Structures are given as C-alpha cells and as structure tokens.
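S.K.: pasted the sequence and its predicted model underneath.
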Amino acid sequence: MFCQFGDKVQILQVQSGQNLYGIGQVDDADVTSFTLSPDNSMLVVATRSLLLRQWDWRQRTLTRSWKAIHTAPVSCMSFDSTSTLLATGGADSTIKVWHIIRQYCTHNLKGHEGVISVAEFHPDVDKLQLYTAGDDYKIRVWDLRSSACLSVLVSHYSIVTSLQFSPDTSMLYSGGRDNIVTVWDIKAFEKKKTIPVYESVEGLVLLPATSDLPALNVVPGHTHVITGGSKGILQVWDTVTAVCVYPAMGQGETGEKHSAIVQLSFSPQQDVVSVVTYDHNILLHDLADLSLRKQFAGYNDDILDIKFVGTGDSHIVVATNSELIKVFEVATWNCQMVKGHSDIVLCVDVYRKDPSLFVSSSKDACVRLWRLNQDTEKVDCIAIATGHTHAVLTVAFSRLSPQFVVSGSQDLTIKLWTLPSEWSAGESDQHPVSLTAKLTEKAHDKDINSVTVSPNDKLIASGSQDKTAKLWRSSDLSLVGVFRGHKRGIWCVQFSPVDQCLATSSADGTVKIWALSDCSCVKTFEGHESSVLKVNFLTRGMQLVSSGSDGLLKLWTIKNNECVKTFDEHKDKVWALTTTSDETSLITGAGDSNIIVWKDVTVLELEESRAKQEDFILKEQELSNLLHQKKYLKAIGLTITLEQPFKLLTILKEVLAATTGHDDLGDIIGHLRDDQLDSVLRYAVIWNTNSRHCRIAQYVLSVIVKSRAPEELGKLPNIKSSLEGLLPYTERHFERLGRLLQQATFVDYTWQCMRLVGRQSGSVGLGYTEETGTNETPSNQQALFVVDRKTNPSPRETSHSASHGIDSDNSESSSDSDAVTPAVVTNDKSGDAASSSDESDSSNEIDVPMNVKDDAAQSSDTSDDEVIFNVSATKRSATKSTPLRSKAHAGILVKKTPGKGSKGTGKTLDKNKGSTTPEPCLRQTDKENRLTQRSNRTPVNTTVTRGAKSTPRRATKTVGILTASEDVPAAVTPERKQRGRRTTRPETEPRKRSQPAKGVPVPKSKRRKSATR
C-alpha cells in the first residue's frame, strides 16, 4: 500500500502493518499527487516544486526527473492501461499528457476553469480519449488524436470527485459533492440516470460484475457501486433501480467530521475496499460483507498516555488528541479505534493482575471502564462513571484487586469509585453499567495532574499544579501528609514497588524522592532543562526513568543520583511513558505523534562484550603462535581482522629485518585479498603521518603499486580517501629528504675542498704528511690543522707547539716572517667570548664564520677543548697567485681557562706572573687592507708586547670555511687615529677609565665590581 506522508510516499506492508520504506528525496517539497502505473513498475510523484519524479519503487532509485510545465501544483494524475501515457491535471486549469517512454509532452489541453479534480483515460486504448473534470463542475471528453474536446457533460452542481467506467466501457459513473451519482452513456454522450445518495460523495467504487455477493444484497445482472462520503459510511447502490441495497454503517454514522471518508479505492487482488478517513486513518473492509478487516492509524496527533494491555502485554492502549481510543497489536501494529467518549481522552490506566481491564478519562467529565476480548480482540465498554464537573485529567486502577478506581479532575476533587465484585471473576455485562462515587474530597487548590495507588492499595498519592503532592488513605480519603519542595507544578507521582517512598516529577526540571514516614525529601535528581512530565521506577526500584518536555528520556541510578544515559529520539514533549510487567521493555509517546518501543539490552550487551573479549583473547593467542612460527601471511590477515594497525607495522618491520625481507614482503602483499589490501592502505595512511614509520609506509605503498594494476586499485572501496591521506605527508617527507640530501652534499663538498687544500700544502689530515708518515710537520711548512684536546699541555706538547710557531712561555717566537701564529678558536657555545670582549681593554674576539665554529665544536669532545688552526690558501691562476679576500676579519680567540677570579673566555694564563692578562686582538677592515696593500706590497710583521716578550702577529681573514693569511701592518695609521677609532696598546699600559664629574651619581650598571666577586 502506498501512502502520502509529507515529502515522501510511504510503502506499507498490509499483512504485518510494517512501514517498509519511503520514496522521496531529502528536504524535498511536499507531495501534491502520485500515481502507480498499471503494470506496477513505476511510481510517478508530483511535488509543490512543480517537478515530476519517476521512481523504480522496488529498487528505490530515481529514474528521471523533469519539470511539469504547469504554472501551479499538480492536483491529479492518471496512467492509461498500457502504462505509456500519463495525464496530469494542475491547479492552473490545464491538462498535460506525457509519453513516459519517449519522455516528452504530447498534449496541452485547455478549457476547464479552476483546479482539475479528476482525470481518467478511456479503458479502450484504440479510442485514445481522456475524461477530465474541474471546478467548473463539467466533465470534458478529449480526443488525443486531434487534441479537440469531443463533448462537455453537464449534470453536477458541485465538484466532481470520481469517475468510473462500466466493464463494457459503454457507461460512465460520476460522483460529486452535490450528493448525487450520475450515469452517462459515453457513446452518445448523454445522461441516463441520476441517483441521489444524500451525502457528499468523495469516492466511488464499481463492484465487479462477476462477483457473487449475497451478503450485500446484490442483484445478479445489475451494476452496483459503493459510495463513501461525509457520513463516514459505505453504501451499496443498484444503478438500475437507483436503490441503496446495503447500508454498511461505519464508525461515523452520525456524520461527525473526524470520520468522514475522503478517499475510496478497491484492490481486486485482495478483494478489499480501502477507506481513508478525515483524521488520517486507513480502514480495510472485506468486499464480501464490507466488514472491517484492519485499521491503520495514519496520524496519531499528540500522544497523551500509553499503557500495556492484554495477556503478555500483547496490545497497547493509546490516548491521543482525539475522542477515540486506539488499541494497537504490538506484533503487527494493527489498530482498533474504539469510540465511546465524546471529547478528547486524557488518561488511561490498566489493572495489572487482569490486563484485559483498563480505565480511561476524558474531557467529557466521565470515566469509562473497558474490557479487551482476547479471542476476538475487540474492546467493549463495561462501565461508565459520571460525577465530575470538569475534565477528568487523571485516573488510576487499584493494584491488589479490582476494587476501586480513583480519579482527579480540574474541579480540584478526588473521587473514589467502587467496582462490582463479580468483575473479579471475569464476568461482564453486555451493556455498560453506571458507577457512583464512594468518596469525594477536595484535594488541591489547582488542577490535579496525577494520581496513583500504592502497591498495597492502602494509600493514594496526588500531584497538582499548586506545587504540592499529597498522601491520602484509600479507606476514607483522609490526608496523611503533604510533600512540599518543588518550585513549580507537579506533573506525575509514582510509588516505589519495593520501598516506602514516592517519586514526583515537576515543571521545575527536577525529580524528587520522598520518604512516606515523615514526608521529607530524600533525593533530588537534576538534569532536565525543562519540565519533567513522567517518571517511573525500573529494576525493582533501583532505577528511575523520566521524560521531559524537551523530548529527552533519562535513565537514573537512585543509589548515586547519577544519570546513566540520555535518549534523544523524540522531537516534542514526551507525555506518555510506561513499562511492561517484567520491566524488559519500555514504550514512550510524544507530541510528535511517534510511539517508540525501547528494549532493555543490558544483559545482552554484557554477553556480547564477554563474547567479544573471549574471541579477542583467542585471536591474540593465535596471532602470537603465527608470529612464533613465522607464518606472516596468516598473521597479517589476522591482524587486519583485529583492526590493529601498529601491530601490523611491527610485523612488517620484523619481516623486513630478515635478509630476504624485501622479497618476502612483496610476496606477502601480493597474496592479500582486495579487502585486506584496502585495509593495509588505510593503515599506511596512519603510518605515513609519522616520520619514524614513513619508510615502512612508503615501501608498502611501492610494493602495492608495483604488484597491482591501476584498474584493480581503482576498484578498492577506500582508495580515494587513502590517496587523499597519503599525498600531503608523502610530499612533506620528500621535501625533508631533499633538504637532507642537500646538506649531505654540502658536507661532502666541504671535505673535498679540505682535502684539496691539504694536498696543495703538502699535508694530509690533522698534522699528517705523506713524506714522513707521521703527525710532525716540516719546519718550512705549516700544519693544515693542529688539534689540542688537552687543557694543560705537557712540556713535550709545548715544545712541539713552539716548533710550529705557537707562542710558549718558556721560549721566544721566531722573528721569521714565514712563521705564522695560528689562531685559537674556543669551542664555547654560551657566548663567553662576547662577554669577555666587553670586560677586556680591547676587543679580543675574532669574527669567525658560524660553520667554522660548528666544525670546531664538533671536533672537540668537551666544551673546553681547543681547535688550533692556521690555513694558507691562495687563488691560483696560470700567470700569478692572488690572495683570497673576504669581508670577514682575522684575529685571535683565546682559550677559556677557568680559575679563581676568572669569568670565562677572553683571558690567557701568564705562567710567569701567575695571573690572567687579556690578550689583544687586532682588527683590520677590508678598506684598510686595500690601502695597506697599495702602500706596501711586502708583508709587515706586527709585534705585540706580552710583558717582556714580543711576538710577531699576522692578521688573517676568513674565506668560506678556510682562512687566507695576509701580512698587514698592525701600527695605527694617522688616518685611523683622526677618525677616532680605537688604537692598540701594549698590555703593560694600564687602561684609563673615564671618571664622572664630581657630584654626579654613578649608575649601578657603571659601578666597578669588587675584587672578591
């Protein structure tokens, strides 16, 4: 069965009542009309967006979609008998005919006024005729060959709602809202007969001529029609005699609006007449006697209350925003609508020990008692209680025995109704009996929203909008206690099944538990952000379940006041909440018209968790055994099953660690299935995000790409997401490796340059000569590198240094111009040389390139090691040798000698005097170098006095990572003195400090530090 529901067409299984699925697109416009082809192959749906959509409803796929060309929504549609042509009538007064196979519009018919109400093809395909009706109350006959109107049939004085053809296609039957059925001779286009049916006809069904229906008083050989309309009843009419032969009285025989029939159709396959009522209910009647077979509630409106009834909780009774009580069979959701109240039903309750008995209250100020017949599944009213003056908002059954019913009303009173004793034996009268109130008590100052009876039938609790709950004795309705504490009205009260306590829910968003002994609040549960409408006990009083106006359902643990879980399925106020007798299921109803059944799966989840844990342990053990046996292929498959990517990474590393690991890994990956290969790719994306594991990921990716064809890889389900995850990190790793390669090439280039200089100077390595094969250097050649890794050199090392031109305290340096004093670079990263230059008399720091410092630092074992070097390099050509130049300065860095009174670098220990003296540093700019070279091309030795000794110094300048030596004068030129530059002076000359003027305070930063510090 196909039913329209908002923007979708729902498919309903008639036998089970199950809603299979819906046909439609997400967030589409509302459906205005739909039709099914005669061959049941396609479903065409028209929406308010003026689109027509063709669906393959079995496969749930959209075949095509096209514009309806109508300027207003489509109001009706119809197929011809061949399922080739489709006619659509719109609110724009036009009819369009579509060729479904060739997919184009064949006709555009105009002539009606107003909305097109019905369109039907002539059953005879050869005639190619179309019959339509509109708001102009006329029936037009169109010839599709010439697109001309053959005839206009005028008889009705209101909208024509249905058209039916006789089996021999010679007669046409039309029904309208003018309370008549007209018989037409379509061969001569004449009216034959008018049948008054005395109701607005909304549907017309022609009975099959071959059917033998004695129960309907059908006359053989005559044509009969079934009509349904505003009265809500089905009537069978003899078209020959114009007499109603069978009036089937329906639920709405009084002509009430809620039961009016709005659509009538016939299913020849099942011999069922289906009726759609005004309140969106679907009724199925047997064709043989028009008896009600099934009922489906298409729309429940607000669900106000729900209770389980019947043996084994087989049915549920629902109070909706209607005067009808709906009884659903839980297994098939077959619905029975019970009429009895004259106004909206507000509350229902069930007697637990005899679940076939239930009671209801309504706005009609009465209470009704009902019994469900388990054999016939029919519900009968057995008693009526009247006495309240206003709407009865709540009602409750007694618990131990069906002795009484208590009700609360808007008239602020509580009434206790006694029941006859014979009902406990299961007897019931055919006619309902009247009940009288045994006790009446004014209970509250405002509306009474809830009443309940204690498990022993001795106490009654009531909750009201006056923010209080009260406790009463059931014997005389005397007040026992008042529960005060809520800040707003109370919606529900419930007794605990095991403890002497009462639970209340309020509009202040809280649930409270009260002690019956002293009416004190024991616990308060806060969690709802709006009114709590219902509350109920679960798990033998150990848990609470509550529902709120925000559509949330919350499960609470009473012991620790903790909300265990929150369920968000409803979209509106959850008014109804109840549990089964064994508390294994829960059912809720809300203002969104949905009824949801919840099942307790606590035990099931524990069993599943235990089973998963056991299975995981077994698989882990199996994986360990496979790894021990080196069966990597099965181990990888099991790891993929367990979803352990990093365990798989460990296995791959173990495979690659073997001698033939690369070949073995290729064979393993080649034997993987497509799903396993897809999982490995997903894991490779994870590995590739980490630089430590990217090598394995890239190798796995390389093997996969080389072993599988691109077409096979393209069929993997997650190949797109895997590539999107691999590309960015792969590019990042490639850039990182490129930078590393550049750095490695630079190191190699540096080493090659150093070897070249060593060969030019006749030295190889650190003080090694090919001629001697030792670390000693000939006297006429200078060592390329001399490394001193000891802080206090031995006498032998000192004399060895002196022989190479290094200053020594025991001997004077040679005055030969070829003896060049090597520079000393300290391996100090803390910037002590910079600090020492500020404290010394002159600037003693050499501007050494960063790479030279780093290389010196890397060649030392500790932070105090020294690298002593002096390199001579010249730029050679075919004609002459030109010294290399650079903007860097040459100079001397001294060794950091820790000691008492010493603060770091920039000091040299004078062994003769036993004190530290600053060692001077000569600075020479490139401009001064050029001026000096122009004035004097010969190298000039500069003598720097160290106490009583003098040592020739040679300034050097840095070229790249090497050092080119160049002799420059160290004397101060007049030009430099005139520029105000600092001049060098012997160490013996004391430094003159500037003294501040008298009376001027000296800043702390300029004060001289004490000798002790």
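M.R.: Yep, that arrived. Residues are numbered from 1 along each chain as shown.
S.K.: who does the closest residue in space to residue 435 that isn't next to it in sequence bridge with?
M.R.: Excluding its sequence neighbours, the residue lying closest to residue 435 (CB to CB, 6 or more residues apart in numbering) is residue 385, at 3.9 Å. Where C-beta positions appear, they are placed from N, C-alpha and C, glycine not excepted. As for beta bridges, residue 385 partners with residue 367, residue 435 under DSSP bridges.
S.K.: report the contact partners of residue 385.
M.R.: Contacts for residue 385 (CB atoms under 8 Å, 6 or more residues apart in numbering) come out as 366, 367, 368, 369, 405, 407, 415, 417, 434, 435, 436, 437.
S.K.: so what does the helix or strand harbouring the fourth one touch, helix or strand wise?
M.R.: Right, residue 369. Following DSSP states H and E, one finds residue 369 within strand 366-372. Counting contacts by 3 or more CB pairs under 8 Å, 6 or more residues apart in numbering; DSSP states H and E, strand 366-372 packs against strand 357-362, strand 379-386, strand 392-397, strand 404-409.
S.K.: can you say which of those is nearest to residue 128?
M.R.: strand 379-386 (52.8 Å; CB to CB).
S.K.: picking up where we left off before, which single one of the contacts of residue 385 is nearest to residue 236?
M.R.: Among the contacts of residue 385, and counting by CB to CB, the member closest to residue 236 is residue 368, at 33.4 Å.
S.K.: point out where the stretch 701-850 of the chain drops to low pLDDT.
M.R.: For the stretch 701-850 of the chain, residues meeting the criterion pLDDT under 70 lie at 758-850.
S.K.: the chain too?
M.R.: 248-258, 422-430, 758-1013.
S.K.: now the helices for it?
M.R.: In the chain, the helices defined using DSSP state H lie at 602-628, 632-642, 645-657, 661-670, 674-688, 694-707, 710-714, 719-761, 795-803, 832-839, 850-858, 926-935, 974-978.
S.K.: need those helices in CSV with distance to residue 15, can you?
M.R.: Listed next are the helices of the chain as CSV, based on distance: least, CB to CB, whole Å:
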stretch, distance to residue 15
helix 602-628, 29
helix 632-642, 41
helix 645-657, 48
helix 661-670, 52
helix 674-688, 38
helix 694-707, 51
helix 710-714, 45
helix 719-761, 43
helix 795-803, 107
helix 832-839, 94
helix 850-858, 86
helix 926-935, 103
helix 974-978, 113
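S.K.: which stretch among these comes nearest residue 517?
M.R.: helix 602-628 (31.9 Å).
S.K.: residue 585 contacts residue 579, doesn't it?
M.R.: Yes: contact criterion CB atoms under 8 Å: residue 585 and residue 579 qualify, at 6.9 Å.
S.K.: pull the CA atoms of the strand holding residue 369 into PDB?
M.R.: C-alpha atoms of strand 366-372 as PDB (Å, rounded to 0.1, in the frame of the first residue of the first chain):
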ATOM      1  CA  CYS A 366     -16.600  10.900  32.700                       C
ATOM      2  CA  VAL A 367     -14.700   7.800  33.400                       C
ATOM      3  CA  ARG A 368     -15.100   4.600  31.300                       C
ATOM      4  CA  LEU A 369     -14.100   1.100  32.100                       C
ATOM      5  CA  TRP A 370     -13.200  -1.200  29.200                       C
ATOM      6  CA  ARG A 371     -12.500  -4.900  28.700                       C
ATOM      7  CA  LEU A 372     -10.400  -6.400  25.900                       C
END
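S.K.: right, I'll leave it there.
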